[in-house]
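*Asks:* Test case, fold it:
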Amino acid sequence: MTEHPPAEAIAAYLCDGLPAPDRSALEAHLASCRPCRTEVTSARQLLDPGLTQRVHLALASSGLEPRRLILEVTES
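*Replies:* Numbering: from 1, shown residues only. All right, here's what the predicted structure looks like:
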C-alpha cells in the first residue's frame, strides 16, 4: 500500500471488517506510516468503551460540573 488508505478502510480495520489480505496490506502500511498509525491510535482511543467512565471519574475527582465540560476532538 503506497498511498494512504481511505477512511473507510481504516474504519473497517478498526471494526475487524477487512478481509485478511486487505488487513495484512493495511498493517504493512501502518508499520511504515506514522501519520496513519497515529490516526488509528486516536480512533481506538475514541472507540474505547471505558472512555465515558474515565471522563465521569475525572469530573467527579475534579469537582467540575459536567455541563461545564467541553471536549474537543481535532483532526490533524
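*Asks:* Report the secondary structure element holding the nearest residue to P5 once chain neighbours are set aside.
*Replies:* What sits nearest to P5 in space, not counting adjacent residues and going by C-beta to C-beta, 6 or more residues apart in numbering, is L26, at 5.7 Å. All C-beta spots, glycine's among them, are computed from the backbone N, C-alpha and C. L26 is part of helix 20-32 when elements are defined by DSSP states H and E.
*Asks:* got it, and T74?
*Replies:* Judged by DSSP H and E, T74 forms part of no helix or strand.
*Asks:* Look up how far C15 lies from it.
*Replies:* Computed as C-beta to C-beta, to the nearest Å, the T74 to C15 distance reads 22 Å.
*Asks:* Just the helices from the chain, written as ranges.
*Replies:* For the chain, helices defined by DSSP state H occupy the ranges 7-14, 20-32, 34-47, 51-62.
*Asks:* Quick one: mean pLDDT over the last one.
*Replies:* For helix 51-62, the mean pLDDT works out to 94.
*Asks:* now swap in the second one and tell me
*Replies:* When the per-residue pLDDT values of helix 20-32 are averaged, the result is 96.
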